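Engineer: have a look; sequence and predicted model below, questions after that.
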Amino acid sequence: MTVLATESLEEPGARVSTRRRVPGEVGIWVLILGDLVVFTYIFAVFLAERSNEPVVFAAGSEHLNQNYGIIYTLILLLSSLYVVRALHRLRSADGHAAARNFLGAFACGLAFLALKVTEWMHEADAGHTLTSDHFFTFYFLMTGLHALHLVIGLFLLIYLAVLARRPAPGRSQWILFEGGACFWHMVDFLWMVIFPLLYLMP
Amino acid sequence: MSATETVQTGASMPPEDSIDVVVHPSQRAILVVWVMLILATCASWVIGINEEGTPGDVHPMNTLLLVIALAKVRFVGIYFMELATAPRVLRGIFEAWAVLAAALLCLLYVLL
């Protein structure tokens, strides 16, 4: 195991013990787990509704572009990698590299949003809206709620990029870095479930 | 996947005479997990675009898609969100949610 040298580890008599810690802080996890419960409920209701109107849901899903669907997923996976790398850079005390990685994630998120808005407009042009049929109610609800989280995440990423450039982050800054990173990863993995439900399944 | 490299001194005050360290998965391990997530995504897409069948039927492949999705979520949580080094209770809650959500969604899909 390679250890990044710190002065404290070289003190005579220092004991090194591995310990577990909450990434960020407990509050962010309450938020994340709460969000998971809400989204799981929405997914469950989606599947229940789908069984009531299989033809409508199959037709709606057919209409969506599956190529868009996978592109979204890959973009967000890349953005999550950027965020992981950003934290790694921060731990190597390279705030500027960390900031660049946060901005890379931001660029991915922005690309996702641009593509998403294009898709919404395309669907609206084809006559599919929140109220046109139940599949599209769920489509706009799920992708809309997800996009809301993504937009919050975009603001977070910019803020983290700015914060990363400041020297010597303390405990509060670390909570923001880790908590913010976890929030962004949540945006990524929520989409991982939405993608097959809407685009691949029926 | 247990190779570890980066040591982060804990953000909280360590007890006297000891240094608390958190040992994170290496960047190499992260990259391996990430590539697997990409491949799983592509596999799901290939399965999805090749599916045929009548609406209302249960297609076993769809339950596979759900399981793959929740497995991906689990790996994001453990490796990206650093639950690997989190208190076991928190990790346990997350993993339990992933399993329960997969089971719930698959059951709803199959039974309804």
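Structural biologist: Great, that's in hand.

Engineer: so who does the residue nearest the centre of chain A touch?
Structural biologist: Nearest to the mean C-alpha position of chain A, counting by CA atoms, centre = their mean, stands A:Val187 at 2.1 Å. By CB atoms under 8 Å, 6 or more residues apart in numbering or on different chains, the contact set of A:Val187 is A:76, A:109, A:146, A:149-150, A:153. All C-beta atoms are positioned from the backbone trio N, CA, C, and that covers glycine.

Engineer: of all those residues, which comes closest to A:Val22?
Structural biologist: Taking CB to CB as the measure, A:Val22 sits nearest to A:Gly153 out of the contacts of A:Val187, at 19.9 Å.

Engineer: pretty sure A:Phe112 sits against A:Leu74.
Structural biologist: No. Counting by CB atoms under 8 Å, A:Phe112 stays clear of A:Leu74, with 10.0 Å between them.

Engineer: who's more crowded, these two?
Structural biologist: Comparing A:Phe112 with A:Leu74 by other CB atoms under 10 Å in any protein chain shown, the one with more neighbours is A:Phe112, at 25 against 17.

Engineer: so which elements touch the helix or strand hosting the more buried one?
Structural biologist: Element membership for A:Phe112, per DSSP states H and E: helix A:95-125. If contacts are counted by 3 or more CB pairs under 8 Å, 6 or more residues apart in numbering or on different chains; DSSP states H and E, helix A:95-125 sits against helix A:66-91, helix A:134-164, helix A:171-195.

Engineer: could you dump those helices into JSON lines and include mean pLDDT and distance to B:Ile68?
Structural biologist: Output for the helices and strands packed on helix A:95-125, formatted as JSON lines (pLDDT from 0 to 100; distance: least, CB to CB, whole Å):
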{"stretch": "helix A:66-91", "mean pLDDT": "96", "distance to B:Ile68": "11"}
{"stretch": "helix A:134-164", "mean pLDDT": "97", "distance to B:Ile68": "18"}
{"stretch": "helix A:171-195", "mean pLDDT": "96", "distance to B:Ile68": "9"}
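
Engineer: show the contacting residues for A:Phe112.
Structural biologist: Each residue near A:Phe112 by CB under 8 Å, 6+ apart is listed here: A:72, A:75-76, A:79, A:150.

Engineer: look up the closest residue to B:Ala102, ignoring the ones flanking it.
Structural biologist: B:Leu70 (3.8 Å; CB to CB, 6 or more residues apart in numbering or on different chains).

Engineer: quick one: mean pLDDT for the stretch of helix or strand the one you found belongs to?
Structural biologist: Assessed by DSSP H and E, B:Leu70 sits inside helix B:60-75. Throughout helix B:60-75, pLDDT has a mean value of 94.

Engineer: quick one, it and helix A:171-195 angle?
Structural biologist: 180 degrees (axes from the mean of the first three to the mean of the last three CA atoms, to 10 degrees).

Engineer: how about chain A: which residue is closest to chain B?
Structural biologist: With CB to the nearest CB, the shortest gap between chain A and chain B falls at A:Leu200, namely 2.9 Å.
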